[in-house]
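With the sequence up front, the predicted model follows.
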Amino acid sequence: MTLLFSPSVPSWATHIIHDLATFKRWPVPVERFAPFSLPEDAYFEYAFRDAEGNYRADPLNEEAHNPWYDFARSVFGPAYQPGRYNFHRQAGEPQGTLVRGRLRSRYLGQRRRWLVYTPRGLKSSQAAPCVYVHDGLGFLYYGQLPQVLDAMLADRVVEPARLVLIPPERREQEYPHNEVYQRFVLEELVPQVESEGGAVCNGRRILLGASLGGLVSMLLAWKRPEWFDTVITLSGAFLTAPESPQEHHDGREWLREQVLALPHVPALRYILYCGGLEWLTQANRHVAAALAARGATHTYLERPAGHNWVNWRDGLGEVLRMALSEDGAGGRKPRK
């Protein structure tokens, strides 16, 4: 069974935007729009644009779940099922302790924030895996990552871990191929939070990020493969290259080229998750195929959804289960 996407177009609408058209980047003139099919378990977002260039909501649809765009409207297929640990509407407060800190970066020339979440029951002096999370505030408020971790610990499907949440200042400049930002994370942030910030690490470090945050997570893991155990990317922005870092919508598949060309692919556990209805789907599939061709330990997961927080929340439980399972992420030994 498929779902036919054919919204009623308001009289004032000149364009329609949706997940498969890269949402705002490539608006489709309404006269060129043709209904198309979606999987019955899809989650899909769309909106309209008027003659003045304003983006506006569908007046006939009240489903709104996008924290970035209040005009985005949602379509849930009849067979859609949220991820087991997608608790966005009823999660409650995190049960652990959230510590906030700052450091003065000599590389960035400014003070930068970080947050460390320690789940209830994990003693402050007890060493545990550390998950370094880019777009930290997004994963705190939109992804509800602490609540997801709490629920998974209550179900005994993962081992206790700390979350190191890293908020960006200018993510589109910092995340894609920025050597200065990478040195800040590796040479300043990680040492400080693990020595002074309460993130007592047992040697297992995991990197997690969505979109450009997924890209920078991969780049950091490659910079220090001896430090990190696992890298998790959600809809990784794998359409960008060092010479054109801002071209992450229709750029070059540089990361795939690197996987195939490197003499040795860094020995990490790679977990790639992507929506099947977004402009990055093919690029993520290609990176996963390249990792497979090189014999890297990897998993590729896909849901029929777009580039948004509903999709990423739906996937968080599964990727964390693979990274933090009780057997130590596939039996990998802790890093020093």
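Now that the structure is in, tell me what you want to look at.

Taking the centroid of the protein, which residue is nearest it?
Among the residues of the chain, the one closest to the centroid is Ala210, at 1.9 Å (CA atoms, centre = their mean).

quick one, what contacts it?
Ala210 sits next to 134-135, 138-139, 143, 233-235, 312 when contact means CB atoms under 8 Å, 6 or more residues apart in numbering. Where you see a C-beta, it was placed from the backbone N, CA and C, and this is true even at glycine.

do the same with Gly317
83-86, 148, 152 are the contacts of Gly317 under CB under 8 Å, 6+ apart.

out of the residues you listed, who's nearest Leu291?
Leu291 lies nearest to Gly83 out of the contacts of Gly317, by CB to CB, at 23.4 Å.

Gly306 versus the closest residue in space to that closest one that isn't next to it in sequence, what's the distance?
Closest residue to Gly83 in three dimensions, ignoring its sequence neighbours and counting by CB to CB, 6 or more residues apart in numbering: Asp314, at 3.6 Å. According to CB to CB, to the nearest Å, Asp314 and Gly306 sit 11 Å apart.

try Thr299
21 Å.

With neighbour numbers in mind, choose between those two.
Taking other CB atoms under 10 Å, Thr299 and Gly306 do not tie; Gly306 has more neighbours (28 against 17).

Am I right that the more buried one falls within a helix?
No. Using DSSP: H, G, I helix; E, B strand; the rest coil, the secondary structure at Gly306 is coil, not a helix.

Need the single longest helix in this protein, by residues.
Ranked by residue count, the top helix of the chain under DSSP state H comes out as helix 309-323.

mean confidence score for that one?
If you average the pLDDT over helix 309-323, you get 96.

List the buried residues for that helix?
For helix 309-323, the neighbour count (16 or more other CB atoms under 10 Å) marks 309-323 as buried.

where's that helix relative to the chain centroid, distance-wise?
Centroid separation for helix 309-323 versus its chain: 9 Å, with CA atoms, centre = their mean, to the nearest Å.

For the stretch 51-200 of the chain, which segments are assigned as helices?
Taking DSSP state H, counting those that start in this stretch as the criterion, the stretch 51-200 of the chain contains helices spanning 136-141, 145-154, 171-174, 179-183, 190-195.

Residue ranges of each domain in this protein, please.
Domains of the chain are assigned by automatic domain parsing as 2-76, 97-331.

now the longest helix of the chain against helix 145-154, angle please.
Angle, helix 309-323 to helix 145-154, by axes from the mean of the first three to the mean of the last three CA atoms, to 10 degrees: 40 degrees.

With just CA atoms, put helix 309-323 into PDB.
Taking Å, rounded to 0.1, in the frame of the first residue of the first chain, the C-alpha atoms of helix 309-323 are listed here in PDB:
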ATOM      1  CA  TRP A 309      13.600  16.000  14.400                       C
ATOM      2  CA  VAL A 310      10.700  13.600  14.300                       C
ATOM      3  CA  ASN A 311      12.800  11.300  12.100                       C
ATOM      4  CA  TRP A 312      15.900  11.600  14.300                       C
ATOM      5  CA  ARG A 313      13.900  11.100  17.500                       C
ATOM      6  CA  ASP A 314      12.500   7.900  16.000                       C
ATOM      7  CA  GLY A 315      15.900   6.600  15.400                       C
ATOM      8  CA  LEU A 316      17.700   7.600  18.600                       C
ATOM      9  CA  GLY A 317      16.700   4.500  20.500                       C
ATOM     10  CA  GLU A 318      18.000   2.100  17.900                       C
ATOM     11  CA  VAL A 319      21.300   3.800  17.400                       C
ATOM     12  CA  LEU A 320      22.000   4.200  21.100                       C
ATOM     13  CA  ARG A 321      21.100   0.500  21.600                       C
ATOM     14  CA  MET A 322      23.800  -0.500  19.100                       C
ATOM     15  CA  ALA A 323      26.400   1.900  20.500                       C
END
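
Relative to Thr2, how far out is Thr240?
For Thr240, the distance to Thr2 equals 32 Å [CB to CB].

ditto for His249
Applying CB to CB to His249 and Thr2 gives a distance of 27 Å.

Please apply the same query to Arg183.
Between Arg183 and Thr2 the distance is 48 Å, computed by CB to CB.

Compare the two (neighbour count), which wins?
Neighbour comparison, Arg183 and Thr2: the larger count goes to Arg183, with 16 against 11 (by other CB under 10 Å).

Name the spans of the protein whose pLDDT lies under the cut-off.
Applying pLDDT under 70 to the chain picks out residues 1, 89-90, 326-336.
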